[in-house]
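# generate coordinates for the sequence data below:
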Amino acid sequence: MNSDNIKKGVERAPNKSLMYALGLTEEEIKRPIIGVVSSYNEIVSGHMNLDKVCDAVKAGIRLAGGTPIMFPAIAVCDGIAMGHIGMKYSLVTRDLIADSTEAMCIAHQFDGLVMIPNCDKNVPGLLMAAARLNVPTIFCSGGPMLAGHLKDGRRTCLSHMFEAVGAYYAGKIDENEVDNYIENACPSCGSCSGMYTANSMNCLTEAIGMALPGNGTVPAPLSARIRLAKQTGMQIMKLVEKNIRPRDIMTEKAFENAETVDMALGCSTNTMLHLPAIAHEAGIEISLDKSNAISAKTPNLCHLAPAGDTFMEDLDRAGGVYAVMNELTKKNLLHTDVMTVTGKTMGENVADCKNLDTSIIRPIENPYSANGGIAVLKGNLAPDGCVVKQSAVAPEMMVHKGPARVFDSEEEAIKSIYAKEIKPGDVVVIRYEGPKGGPGMREMLNPTSAICGMGLGESVALITDGRFSGATRGASIGHVSPEAASGGNIALVKNNDIISIDIKNCSITLEVSDEELERRRKEWVCPEPKIKTGYIARYAKLVTSADKGAVLI
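So this is what the prediction gives:
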């Protein structure tokens, strides 16, 4: 066992004495020592219940003969961080989480790990750590939030809350109606109730084989979540016994499965950052080009919020992620022979998982669309690619051409949108918000929600080298690569330049000649970094582009 390095033999007596100082008995020390990585904190609503999940995981480990030892991981609430400097510190925590977990695990020689994440960067950060460390590991998230109910009984969620702000500025609702959303949009603990980034990543943790069924969908307030946590604690002991490790599970085929499920579910565009970063830690390189190939053959089966009016609790009731995967096996779209943390193959896991509600999970013969939920666009504006959640785009915006309205920060753009300076047909361009230029690649939920809330979602597109929340809908195109701060062509766009978008054909074009772009490039001067000190300044120097997953080198 790894833990022999801290407890076995006279030469390790000093180490062992410090374990006695923890109050551990000889019997506990002799057992496999399992690190329980808890992301519990009191600022993130998706994490406020993780102390209870952690206790249940530890109970499961003890039931199966192990000794659980908890240590913490940080997490940022993207909703609270949204719209101000705090959002620059969201994506960057993914690497802090991976690095600090690596340090704790190797320093203390755990025999296995149970990861307890829930929110946007916390899940991929711990998956990156799992792939890097490659000791037996299993995941148990905190679960999704329940949908809210407005005073008139309508169901609601966080994306509606953000759009309500745009509706207020457009004069469509008053402050009392905004208060109705404030009080009711987020009614419980858990990761926000739509197919946003946190729930997308928790579902894909099932799809990639690193969590038990229900991890992505069982609602946070339900007792079933506690039972799942206990089962997870017991299961890690089987993984340790059989020496099943993350890289036995997170293979190239498993990542292809995850991308296929991603397309079927209509997940957040942030998965196009996180899956490549996790794969990179496992020694596998994922190309954005492969994403379009997978999307081309994968039907979109779910329209959860923000793409539709259903929520994670509905997906759970309909059979969850495994029911979606069972639908996909009907057309041989998954690799069913891959290993999972259940100790069985994915094919064995999903074989008997029925679709219990075809209004929530469309049968594969009757999808929402023949293509997947995400598209990667390329063209002279984004030679290395950019991404859009096409399942949440209005039909009339799948092809669009309009004049650019250019802003060098999110703040400039939102001010103009609220001032009603953006007109139908416009293409809003927000730049210098990429991994390097931000720094930190902020989410643009405020401007996208303002556009939709003000009634412009069917007539205005938004393009950025930043990224979007999973709660974003509309023709919102992010991750433009190369980014502006790296000299990408998005830095050369001027007001009233015509931009053509064809999501169906995966293209995005700045209708400016090569000669003119070259002339502008000679005049371009990269702005000074917005932050020059601290962790985020170091991050800007080390981070790669969005099309590579914004990994650090």
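# can you show me the strands along the stretch 451-553 of the chain?
Applying DSSP state E, counting those that start in this stretch to the stretch 451-553 of the chain gives strands spanning 461-464, 476-481, 498-502, 507-510.
# let me see the mean pLDDT of the longest one.
Along strand 476-481, the predicted confidence averages to a pLDDT of 98.
# quick revisit: among the strands of the stretch 451-553 of the chain, which is nearest Gln231?
Nearest to Gln231, of all these, is strand 476-481, at 36.5 Å by Cβ to Cβ. In this view, the C-beta of every residue, glycine as well, is placed from N, C-alpha and C.
# what's whichever helix or strand Thr232 is part of packed up against?
With secondary structure defined by DSSP states H and E, Thr232 is part of helix 223-242. Judged by 3 or more Cβ pairs under 8 Å, 6 or more residues apart in numbering; DSSP states H and E, helix 223-242 is in contact with strand 33-38, helix 50-63, strand 112-116, strand 137-139.
# between the third one and helix 50-63, how many degrees?
With axes from the mean of the first three to the mean of the last three Cα atoms, to 10 degrees applied, the angle from strand 112-116 to helix 50-63 works out at 150 degrees.
# quick one: contacts of strand 112-116?
The contact list for strand 112-116 (Cβ atoms under 8 Å, 6 or more residues apart in numbering) reads 32, 34-40, 50, 53-54, 57, 61, 66, 68, 105, 126-127, 129-130, 133, 135-142, 229, 232-233, 236-237, 239-240.
# about what we covered before: in a markdown table: the strands of the stretch 451-553 of the chain, plus distance to Thr156 and mean neighbour count.
Below are these laid out as a markdown table (distance: least, Cβ to Cβ, whole Å; neighbours: other Cβ atoms under 10 Å):
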| stretch | distance to Thr156 | mean neighbour count |
| --- | --- | --- |
| strand 461-464 | 23 | 29 |
| strand 476-481 | 21 | 29 |
| strand 498-502 | 30 | 19 |
| strand 507-510 | 33 | 20 |
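# looking at these, spot the one closest to Ile531.
strand 461-464 (18.5 Å).
# how about the strands of the stretch 451-553 of the chain in TSV, adding distance to Ser295?
What follows is the strands of the stretch 451-553 of the chain, written out as TSV (distance: least, Cβ to Cβ, whole Å):
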stretch	distance to Ser295
strand 461-464	20
strand 476-481	15
strand 498-502	15
strand 507-510	15
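# quick one: closest of those strands to Ser359.
strand 476-481 (26.4 Å).
# quick one, that closest one and strand 498-502 angle?
For strand 476-481 against strand 498-502, the angle by the same axes, to 10 degrees is 100 degrees.
# parallel or antiparallel, list what pairs with strand 476-481.
In its sheet, strand 476-481 lies beside strand 382-388 (antiparallel), strand 461-464 (parallel), with partners assigned from DSSP bridges.
# closest to Gly487 out of these?
strand 382-388 (11.4 Å).
# nearest to Val324, of the strands paired with strand 476-481?
Once the strands paired with strand 476-481 are compared by Cβ to Cβ, strand 382-388 is nearest, at 21.0 Å.
# contact partners of the closest one?
For strand 382-388, contacts defined as Cβ under 8 Å, 6+ apart pick out 269, 272, 288-289, 374-378, 463, 475-482, 488-490, 503, 508, 545, 547.
# for the stretch 251-400 of the chain, what spans make up the strands?
375-379, 382-388, 399-407.
# can you redo those as TSV with mean neighbour count and distance to Asn366?
Shown next, in TSV, are those (neighbours: other Cβ atoms under 10 Å; distance: least, Cβ to Cβ, whole Å):
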stretch	mean neighbour count	distance to Asn366
strand 375-379	22	21
strand 382-388	25	24
strand 399-407	19	25
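# could those strands go into CSV alongside distance to Thr345 and mean pLDDT?
What follows is the strands of the stretch 251-400 of the chain, written out as CSV (distance: least, Cβ to Cβ, whole Å; pLDDT from 0 to 100):
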stretch, distance to Thr345, mean pLDDT
strand 375-379, 30, 97
strand 382-388, 31, 97
strand 399-407, 42, 98
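# fine by me, thanks again.
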